[in-house]
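Q: With the input below, show me the fold.
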Amino acid sequence: MARPRKPTALLELSGAYHKDPQRRRGRAREPRLSEPVGAPPADLPTDVRACWNEIVSIAAPGVLTRADRVAVRSAARLLAKENSGKIMVGERAQLHRLLAELGLTPRSRAYVSVEPPEGANEFADA
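A: Numbers count the residues shown, from 1 in each chain. Predicted coordinates:
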């Protein structure tokens, strides 16, 4: 199986484009979404909606977008099953993969970069 593509933001942070600027050419048309993920769909059961809200609340601001709604929906359904104790081993593995894709595991958070709020002082915590 081929190695997954490294996200453009990660390549920029690592300095890959400084070393090899022509690599950026192939990614010029990469979509950039800024629309927030939004409220849970109305057709979800109450326990799944609560899990949706939990997932969205623990994600770093600006990470989840409208394009992530299907993944968040699937993760919320699986999380509700886990909370009820009726999740199977394969479903638990799938939940973990979805949470990692959404940047919600300790390891995957290391690859997420977010813009600091405007007016924030980067030296305030020092």
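Q: Do you know the pLDDT at the residue most central in space within the chain?
A: The residue lying closest to the centre of the chain (CA atoms, centre = their mean) is L102, at 2.5 Å. Per-residue pLDDT puts L102 at 89.
Q: ok, it touching I55?
A: Yes. The pair L102 / I55 is scored as a contact, 7.1 Å apart, by CB atoms under 8 Å. Backbone N, C-alpha and C define where each C-beta goes, glycine included.
Q: what is in contact with the two at once?
A: 72, 75 (CB atoms under 8 Å, 6 or more residues apart in numbering).
Q: Skip the chain neighbours and tell me the closest residue to L44.
A: W52 (6.6 Å; CB to CB, 6 or more residues apart in numbering).
Q: next SSE after the helix or strand of the chain with the lowest mean pLDDT?
A: Every helix and strand in the chain was compared by mean pLDDT, DSSP states H and E; the lowest is helix 8-14, with a mean of 69. Of the helices and strands lying after helix 8-14 in sequence (DSSP states H and E), the nearest is helix 16-19.
Q: what does that next one rub up against?
A: By CB under 8 Å, 6+ apart, the list of residues contacting helix 16-19 reads 11, 23-24.
Q: Against which helices or strands is the helix or strand hosting R69 packed?
A: For R69, the host element (DSSP H and E) is helix 69-84. Using 3 or more CB pairs under 8 Å, 6 or more residues apart in numbering; DSSP states H and E, the elements in contact with helix 69-84 are helix 46-58, helix 89-101.
Q: The nearest residue to L64 once chain neighbours are set aside: neighbour count?
A: Using CB to CB, 6+ apart and skipping the chain neighbours, the partner closest in space to L64 is V37 (4.2 Å). For V37, the neighbour count with other CB atoms under 10 Å is 19.
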